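1. here's my sequence, what's the structure:
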Amino acid sequence: MKRLIGIDFGTTNSVLARLKADGSVSTTVYPVGERQVDVFRTVLAFWNEERHGRRSLRHAAGPYAVESYLDDPTESRLIMSMKTYLAQRSFTRTNIFGKVFTLEDMVSLFLEGLTKGETSGAHVVAGRPVRFAGELADDDFGEERLRASFLQAGFGSIDVALEPEAAGYRFARTLAAPATVLVGDFGGGTSDFSVMRFDPHGAARVAPLGYAGIGIAGDTFDYRIIDKVVSPLLGKGDVYTVMGKDLPVPPDYFTGFARWHRLSLMRAPRTLRAIEEVAAASAHPERLRMLIRLIEDELGYQLYQTVSAVKAELSAHETAVLRFAHGDLAIEREISRHEFEGWIAEDLRRMAATVDQALANARIRVDEIDRVFLTGGTSFVPAVRALFESRFGPEKVSGGGEFVSVAEGLALIGRDRTR
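-> Below you'll find the model as predicted:
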């Protein structure tokens, strides 16, 4: 039987599921220290290494990339959130330690690490969001580059399926009777909603009815915390003086910084010089100089980890403390769940509007939805779950396999499509 693999290539994490001979699926696990994990961080690390008197460019993927980067962050380059750029025509290539890589080059290198190089001859079903991230995203272009990246990684053939449809496939195994289901798939960069009709006994077990998606998800919620708690300590909202006139510190410094995967793009000498010039004329130069230090020391990943942990804690508790220290910067700030929910209120409103759009596209009323299935890490956020429970009723809302359901569903889709 031809090897069949389902891959959920995510903004933050990726998962690989394999179809077994008996028709069931299993996710691949990776040894990381003393742990075994089935979620593979979507990152690449590059560094130069001396061998026999010559410098060679090395790389690692996933959790191994994180380990390599943290060993020597100043001499490494960390590439994050590659999926975010797939549908952006403005991003084509980048220079890493003197070598030019296209986006497809980097994604294919990551996929080789995810699959442990076992791609030859395999058929892969790759997931894609309903709407790719980015304000100017070209969805067809994004899928085209996704396919090219998988083929470059060495897969024998590739099929593509929508991520929420895949999550629905996995959920369908729990149904004993036909049902109309709303699936919410919350990733790092996008949130996708699908309305599907499931008939566990029918020939066509899954009938897609309507979709909608939005570029708001877990990374956006992290951004809100950084923007409200961290950025003001780094000069956001300050002023600087030019020819006797007070001007606001450029806000794009903090848009780029708070969105952690763009931090490395700010290391250009010209950008750092511009920030230093503003700092020298600002009311609080030490704040912007701390921003410079955080950029130079590549601390975006550590800050992201800290903020993500606080967000997770707020899902289980009413308060959490954000602690982050580096040099002269020391943050210790208690955040309440109520406060956090205020920061993400507009994001939740836009999510709710996107759910309405999915229902409208499917020509389905709220009362015609039999079940709601939520998957992805952001589905744990109480305010997100409450959005669905208040609209559809808590008895209809369920979850499960929040991090692996899409990959397993993709493998199941491949099983049915290749029969």
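
2. the residue lying closest to residue 306 once chain neighbours are set aside: what secondary structure?
-> Sequence neighbours aside, residue 324 is the residue nearest to residue 306 in space, at 5.0 Å (criterion: Cβ to Cβ, 6 or more residues apart in numbering). For the C-beta atoms, the positions are set from N, CA and C on the backbone; glycine is no exception. Judged by DSSP: H, G, I helix; E, B strand; the rest coil, the three-state class of residue 324 is strand.

3. residue 324 contacts residue 309, doesn't it?
-> No: the pair residue 324 / residue 309 is not scored as a contact, 10.5 Å apart, by Cβ atoms under 8 Å.

4. the nearest residue to residue 326 once chain neighbours are set aside: neighbour count?
-> Of all residues not flanking residue 326 in the chain, residue 299 sits nearest, at 6.0 Å (Cβ to Cβ, 6+ apart). For residue 299, the neighbour count with other Cβ atoms under 10 Å is 19.

5. check the one 5 residues further on too.
-> Neighbouring residues of residue 304 were enumerated by other Cβ under 10 Å; the total is 21.

6. repeat that for the one 10 residues further on.
-> Residue 314 sits with 24 neighbouring residues when counted by other Cβ under 10 Å.

7. helix or strand for it, which one?
-> Using DSSP states H and E, residue 314 sits within helix 300-316.

8. quick one: that helix to chain centroid distance?
-> 14 Å (Cα atoms, centre = their mean, to the nearest Å).

9. keeping just the C-alphas, turn stretch 332-340 into PDB.
-> Taking Å, rounded to 0.1, in the frame of the first residue of the first chain, the C-alpha atoms of stretch 332-340 are listed here in PDB:
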ATOM      1  CA  GLU A 332       6.500  41.500  36.800                       C
ATOM      2  CA  ARG A 333       2.900  42.300  36.000                       C
ATOM      3  CA  GLU A 334      -0.200  40.600  37.200                       C
ATOM      4  CA  ILE A 335      -2.900  40.200  34.500                       C
ATOM      5  CA  SER A 336      -6.500  39.400  35.100                       C
ATOM      6  CA  ARG A 337      -8.600  37.300  32.800                       C
ATOM      7  CA  HIS A 338     -11.100  40.100  32.700                       C
ATOM      8  CA  GLU A 339      -8.400  42.500  31.600                       C
ATOM      9  CA  PHE A 340      -7.100  40.100  28.900                       C
END
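
10. got the buried residues for it?
-> In terms of neighbour count (16 or more other Cβ atoms under 10 Å), stretch 332-340 has its buried residues at 335, 337, 340.

11. which residue comes closest to residue 355 once chain neighbours are left out?
-> Nearest one to residue 355, counting by Cβ to Cβ, 6+ apart, is residue 193 at 5.2 Å.

12. tell me where the stretch 51-200 of the chain has helices.
-> 62-71, 103-114, 139-152, 163-172 (DSSP state H, counting those that start in this stretch).

13. so where's the protein shaky on pLDDT?
-> Scanning the chain for pLDDT under 70 picks out 1, 202-204, 257-262, 264-265.

14. show me what contacts residue 283?
-> Applying Cβ atoms under 8 Å, 6 or more residues apart in numbering, we find residue 283 in contact with 238, 239, 240, 241.

15. quick one: secondary structure of the third one?
-> Three-state secondary structure (criterion: three-state DSSP) places residue 240 in strand.

16. can you pull the contacts of it?
-> 246, 247, 249, 278, 279, 281, 282, 283.

17. burial count for the first one?
-> Using other Cβ under 10 Å as the criterion, residue 246 is surrounded by 12 other residues.

18. just to revisit the earlier point, which residues touch the helix holding residue 314?
-> Contacts for helix 300-316 (Cβ under 8 Å, 6+ apart): 66, 69-70, 78, 80, 218, 221-222, 225-226, 230, 257, 260-261, 263-264, 294, 320-324, 326, 335, 337, 340, 377, 380-382.
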